[in-house]
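S.K.: Prediction below, plus the sequence it came from.
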Amino acid sequence: MLCHHCNERDATIHEVVIHDGQRAERHLCERCARQLGVVGGAKPGQETPEMHGPTRPLINACDSCGLTYAEFKDLELLGCPRCYAAFERQLSGLLERTHEGGTHHVGKVPRRALDSSRSGRSLDEVLGDQAEREARLSQLREQLDDAVRSEHYERAGRIRDEIRRISGMSGAARVDQPEAEGGRSDAG
Amino acid sequence: MPGESESGFGERAFDPNKRVEWLLGDGPDADVVLSSRVRLARNLAGFPFITRAKRTDMQQVLDLCRDRLAHIGLCEDPPAEPGARRLEAEAALGLGRSLGLDAGTPAWVDLHRSTELEAKLLAERHLISAQHASGQVCKRRTTDEPRGVAVAQPGERVSVMVNEEDHLRIQAVRSGLRLEEALQIANEADDRLEGGLDLAFSPRFGYLTACPTNVGTGVRLSVMLHLPGLRMTGEIDKVRRAAADMGLALRGSAGEGSEALGDLYQLSNQTTLGKSEQMLLRELSEEVLPPVVRYERHARSVLLEQRRIRLEDAVHRAVGTLCNARLVSLDESMNALSLVRLGIAAGLIGPRESESSVLQLLLLVQPAHLQHTLGAALGQEARKAARATLLRERLGSVLLG
């Protein structure tokens, strides 16, 4: 999500103000947030907004490997597996842009992780393609609402296309059913 | 294909002709889709990624991975003492003697102990990336730091890079449009590796990778396309745009930032988070590739029917160059070989069987292969001359009879 103020940088500060029962949201990048006094030096006497999330200080370095976010920006590589948790908020927007709106993992899970969940369910049940489509669709729908509300029409168009494509997958064309080899060579 | 053992590895016989799988030219739709490749990016839990790893971390990762790879039969057993490694690796690979791989067992190569030429040879065979060959995966790393690759037979279908951008990069390749099979092979290798290694995984982000662009499934499905028809009719950009619309990337044959030498293009997914392997597979092999294959065949038939004389001229000029020139650059040879393959497929020249020689030459004209064949390091001019000689010898008899 882009900063609502400068429309250039990623919004990493999310402010919710409830005034006279009215709820208002602002999504800002760190610089604009500081400029507008949302974080850092809020001027005395100013109304302190009720903040969700940003009340926690932004993490500057991964506590496991010591990589800073600035270093990550420079190298474009993270320092260790724990960096994902450490920079979760900063990475969210980046991941969403890089992965066509994808925010959560869908797909293969290491057997160990699956066993440790002790759900007793088989891999197929956990990753059934029907469930996957539904989850992805509801996620895309949320993103579409968001894009329309913030007037990002180009992005909204892309999300809409993706929704159309996924919804268009009929039950007959299940992804786990391999097509016969001969069918493919007849395609031309 | 089914019948050739479960998934190709575990079988210890090396291909005596030392052909590489991705240049076999067989399999479904191989006239356009030369090969299918699947790569999985994996990291060990509890170890820093390559950016923050100390040399000792890298050595530990290497030892853990190599032991596991040997345990599951994906590379030969590690020697008792580290000093013996280079010799063993060389013996297994026969790098000093013949082309690439000729031993009867899966091989392991310590790249930090290899010569530059050996590493480049493996890169030309697409067993490792150019960055893995040089050791410069990121700017903090140097060429003598612990890293390696396991190569399984037949046809070098499976390779596993250790300490590339991620701790493990599992790669499986099949000729023709057989992405599903390649995915199955890669998954099997992944399952077996995971049986003895704790992989970095989070329920939200999936498999955790050094670069956030690979996080999630860590999978890259890619096909190598031979598109001389679309290039000649000027329609490559159509494919490029269609690919971009689908969140796919169309690149030159040697990967990121490379040119499309020999009309070879790589098409691969960009998205790894929020889409399962199966969905990506379906998108590529059922939605994207069938029209691309159709467009290319259509372009070829248009050339043959409406611009036949121009096509014939281009093909025969290519034959002329390959069979007569005395100095041939890499670019020139690959582009000419592409036209010759097109000419053979269209029935304009040569017997059909000559196609395999043409494909094999795409590998043999590469700088490291050329120098390896001749057993000497050569300057650019000498390489051009050696390349021209090789092409005349190998193609002259096949094409001119």
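M.R.: Yep, it's here.
S.K.: count of neighbours near the residue in the stretch 101-250 of chain B that chain A sits nearest to?
M.R.: Nearest residue of the stretch 101-250 of chain B to chain A, counting by Cβ to the nearest Cβ: B:Gly206, 3.0 Å away. Glycine gets a C-beta too; all of them are placed from N, C-alpha and C. Residues near B:Gly206, counting by other Cβ atoms under 10 Å in any protein chain shown, number 29.
S.K.: Test my guess that it contacts A:Gly102.
M.R.: No. Counting by Cβ atoms under 8 Å, B:Gly206 does not reach A:Gly102; the two are 9.7 Å apart.
S.K.: How about the contacts made by A:Leu95?
M.R.: By Cβ atoms under 8 Å, 6 or more residues apart in numbering or on different chains, the contact list for A:Leu95 reads A:102-103, B:205, B:212, B:215, B:273.
S.K.: list the residues that contact both of B:Gly206 and A:Gly102?
M.R.: Shared contacts of B:Gly206 and A:Gly102, counting by Cβ under 8 Å, 6+ apart, come down to B:216, B:272-273.
S.K.: State the distance from the closest residue to B:Lys139 other than its chain neighbours to B:Arg39.
M.R.: Using Cβ to Cβ, 6 or more residues apart in numbering or on different chains and skipping residues adjacent in sequence, the residue nearest B:Lys139 is A:Leu75, 7.3 Å away. Note on A:Leu75: its distance to B:Arg39, by Cβ to Cβ, to the nearest Å, is 21 Å.
S.K.: Between the two, which is the more surrounded one?
M.R.: Remark: of A:Leu75 and B:Arg39, B:Arg39 carries more neighbours, 22 against 19, as counted by other Cβ under 10 Å.
S.K.: Name the SS class of the closest residue to B:His132 other than its chain neighbours, please.
M.R.: Of all residues not flanking B:His132 in the chain, B:Glu164 sits nearest, at 4.6 Å (Cβ to Cβ, 6+ apart). At B:Glu164, secondary structure determined by DSSP: H, G, I helix; E, B strand; the rest coil is coil.
S.K.: Could you give the number of residues near B:Glu164?
M.R.: 22.
S.K.: do B:Leu227 as well
M.R.: By the criterion of other Cβ under 10 Å, B:Leu227 has 25 neighbours.
S.K.: same check, this time on the one 10 residues further on
M.R.: Neighbour count of B:Asp237, defined by other Cβ under 10 Å: 10.
S.K.: what's the answer for the one 10 residues further on, then?
M.R.: Using other Cβ under 10 Å as the criterion, B:Gly247 is surrounded by 19 other residues.
S.K.: My guess is the residue nearest to B:His132 contacts B:Leu127. True?
M.R.: No. The pair formed by B:Glu164 and B:Leu127 falls short of the contact definition of Cβ under 8 Å, at 11.5 Å.
S.K.: could you say what helices and strands the helix or strand containing B:Ala41 packs with?
M.R.: Taking DSSP states H and E as the definition, B:Ala41 sits inside strand B:33-42. Contacts defined by 3 or more Cβ pairs under 8 Å, 6 or more residues apart in numbering or on different chains; DSSP states H and E place strand B:33-42 against strand B:168-175, helix B:179-194, strand B:206-207, strand B:219-226.
S.K.: now whatever helix or strand comes next after the last one, how far from the centre of its chain.
M.R.: Towards the C-terminus, the helix or strand next in line after strand B:219-226, according to DSSP H and E, is helix B:228-232. A distance of 22 Å separates the C-alpha centroid of helix B:228-232 from that of its chain, computed with Cα atoms, centre = their mean, to the nearest Å.
S.K.: Any part of helix B:228-232 near chain A?
M.R.: No. For helix B:228-232, no contact with chain A is found by Cβ under 8 Å from any Cβ of the partner chain; the gap never falls below 11.5 Å.
S.K.: After that helix, which helix or strand is next?
M.R.: Remark: after helix B:228-232, the chain's next helix or strand is helix B:236-245, criterion DSSP H and E.
S.K.: which residues of the stretch 201-350 of chain B score low on pLDDT?
M.R.: B:254-259 (pLDDT under 70).
S.K.: Quick check: residues of it near chain A?
M.R.: Residues of the stretch 201-350 of chain B lying near chain A (Cβ under 8 Å from any Cβ): B:201-208, B:210-213, B:215-217, B:219, B:247, B:270-279, B:281-282, B:285-286, B:290, B:293-294, B:297-298.
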